[in-house]
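Asks: Sequence and predicted structure are below.
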Amino acid sequence: MSHDVIVVPTGTANIASVLAALGRLDAQASISTDPDRIGSASGVVLPGVGTFGAALRELDRIGVRQTLLTRIEADMPTMAICVGLQLLAVASEESPGVCGFGVVTSTMTRFPAQVAVPQLGWNRVQHSQQSRFIRSGWAYFANSYRLTTAPDGWIPATADHGGQFVAAIERGNVLACQFHPELSGPWGLEVIDAWLDTTKGSM
Amino acid sequence: MLAPRVIPCLDVDGGRVVKGVRFANLRDAGDPVEIASHYEQQGADEIVILDVSATPEGRGNALATVAAVRSVLTIPLTVGGGVRSVADAGRLLNAGADRVATNTAAVERPELIAEIAAQFGTQCTVVSVDAGKRDGGWEVLTTSGTTRTGIEVGDWVVQCGELGAGEILLTSWDRDGTRSGYDLELLSAISHLVTIPIIASGGAGQASDLVAAIDAGASAVLVASLLHDRDLTVVDLKEAMAQQGIEVRT
């Protein structure tokens, strides 16, 4: 049985890089906004470029917010990237008044003014002992907002930009990266590959 | 702590990498896919492609080049050249760019910066600024350095930041292709005006130039001629930076 991986277009995301990375790892990846396919796929990738509000508006427009929430709560293999991670939060300072998924009971806050914002470039990520998907290494970031503390029940990886922040969180088969694994060289491909393992044989 | 980025720049015309001096006298430097992949293997932190085509046919090729380069890269790809609208930016992103750089069109119509930032985010919005020296400062040059606008570079960069630019690619026209070192005065003056990151460009000739640019306030350094001429590799440059106490991605 083929292990299909669906990439959900969040409207403003440049998903060519995500598809290129999945393709390089021999995943059967395709783009879809079909709630049925997103609900049943072996794996789902929620990429994110753009703003918190715009990405959520697009997910609501195509009507897949509940499908994604259900997947995550059911521990079906799901990987969120950058703004994708942020969507899991309750809210973000970037888009006041907009409700996130609330899977993670925290609010995204802006980096402090004394460091360059957006954080653009390569930063050192420190993994947790229990991490399944991430080993310490250099990751590529492009973000202005971040989580400062790891949510309960999730295993964090951390990095430092004007203080410690959450570089990634994982829980079971769900991985959310603040960095872009698809742009983080061979190290990033290893992260994606480790997550792709959860899509094989889970269905 | 972010590691300063070493960014090879490929000027592309009609599907080929070219390089000149002060944006003129272009000579062929090879196949963009091969070259980009080669630099990634050497440890490049990002690749910049600037479409310098003078013709519509060349522009068409640029999208194909971006797609082909994307398929071999696992690091970020920034693309500039001829971006005049949100639609132009969208086409480059769809083809595989991660970030787009505007230049002349943004000077002519600054709202373009805000439009691209609103659609794709500030992290995606790079403004390429060509600086030409004049008495007491630098003025913004457009149309590949052929038009002197009279606009003070510092004023323009501050405005770019306010409009939503996430990064400035700051090229010293006077140093471009000369390999005589970055314009450190320019870098120092401009990087103190804004909190968004600045990519130093124009004049890299040896590893110590990169160190000096970082010390002057640049977050990243663009290199072209010295890599294309195969005098040094990205590995050499990063080793030299590390020896000077600059933390680089390894």
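Replies: Thanks, I have the structure now.
Asks: Tell me which other helices or strands the least confident helix or strand in chain B by mean pLDDT touches.
Replies: Here the helix or strand of chain B ranked lowest by mean pLDDT, DSSP states H and E is strand B:24-30, holding a mean of 80. Under the contact definition 3 or more Cβ pairs under 8 Å, 6 or more residues apart in numbering or on different chains; DSSP states H and E, strand B:24-30 sits against strand B:16-21. Bear in mind the C-beta positions are built from the backbone N, C-alpha and C, glycine included.
Asks: Quick one: work out the angle between the strand it packs on and strand B:24-30.
Replies: Angle between the axes of strand B:16-21 and strand B:24-30 is 140 degrees (criterion: axes from the mean of the first three to the mean of the last three Cα atoms, to 10 degrees).
Asks: which parts of strand B:16-21 are buried?
Replies: B:16, B:17, B:18, B:19, B:20 (16 or more other Cβ atoms under 10 Å in any protein chain shown).
Asks: Return the closest of those residues with respect to chain A.
Replies: residue B:17 (20.5 Å; Cβ to the nearest Cβ).
Asks: so that closest one touches residue B:29, yeah?
Replies: Yes. Contact criterion Cβ atoms under 8 Å: residue B:17 and residue B:29 qualify, at 4.4 Å.
Asks: what do these two both touch?
Replies: Common neighbours of residue B:17 and residue B:29, counting by Cβ atoms under 8 Å, 6 or more residues apart in numbering or on different chains, are B:35, B:228.
Asks: hmm, back to that, send the alpha carbons of the least confident helix or strand of chain B over as CSV?
Replies: The C-alpha trace of strand B:24-30 is given here as CSV (Å, rounded to 0.1, in the frame of the first residue of the first chain):
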residue,chain,number,x,y,z
ALA,B,24,28.3,45.4,-17.1
ASN,B,25,30.7,43.3,-19.3
LEU,B,26,29.0,40.1,-18.4
ARG,B,27,30.9,36.9,-19.0
ASP,B,28,29.6,33.3,-18.9
ALA,B,29,30.2,31.5,-15.6
GLY,B,30,28.3,28.2,-16.1
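Asks: now for the next helix-or-strand element following it, which elements pack on it?
Replies: Following strand B:24-30 in sequence order, the next helix or strand is helix B:32-42 (DSSP states H and E). In this structure, helix B:32-42 makes packing contacts with strand B:5-13, strand B:16-21, strand B:47-51, helix B:56-72, helix B:234-243, judged by 3+ Cβ pairs under 8 Å, 6+ apart.
Asks: In a markdown table, list these along with mean pLDDT and distance to chain A.
Replies: What follows is the helices and strands packed on helix B:32-42, written out as a markdown table (pLDDT from 0 to 100; distance: least, Cβ to the nearest Cβ, whole Å):
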| stretch | mean pLDDT | distance to chain A |
| --- | --- | --- |
| strand B:5-13 | 95 | 5 |
| strand B:16-21 | 85 | 20 |
| strand B:47-51 | 95 | 11 |
| helix B:56-72 | 85 | 6 |
| helix B:234-243 | 96 | 12 |
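Asks: what's the closest of the ones you listed to residue A:41?
Replies: helix B:56-72 (23.4 Å; Cβ to Cβ).
Asks: tell me the contacts of residue B:132?
Replies: Per Cβ under 8 Å, 6+ apart, neighbours of residue B:132: B:138, B:139, B:140, B:141, B:145, B:148, B:173, B:174.
Asks: Given the least confident helix or strand of chain B, what are its sheet partners and their directions?
Replies: Neighbouring strands of strand B:24-30 in its sheet, by DSSP bridges, are strand B:16-21 (antiparallel).
Asks: neighbours around residue A:189, how many?
Replies: When neighbours are defined as other Cβ atoms under 10 Å in any protein chain shown, residue A:189 has 18 of them.
Asks: ditto for residue A:26
Replies: Neighbour tally, residue A:26, other Cβ under 10 Å: 10.
Asks: Next, it: phi, psi?
Replies: Residue A:26 adopts backbone torsions of phi 60, psi 30, taken as degrees, to the nearest 10.
Asks: same thing with residue B:214?
Replies: The phi/psi pair for residue B:214 (degrees, to the nearest 10) is phi -60, psi -40.
Asks: what does residue B:146 give?
Replies: The phi/psi pair for residue B:146 (degrees, to the nearest 10) reads phi -90, psi -20.
Asks: Just give the number of residues close to it.
Replies: Neighbour number of residue B:146 under other Cβ under 10 Å is 11.
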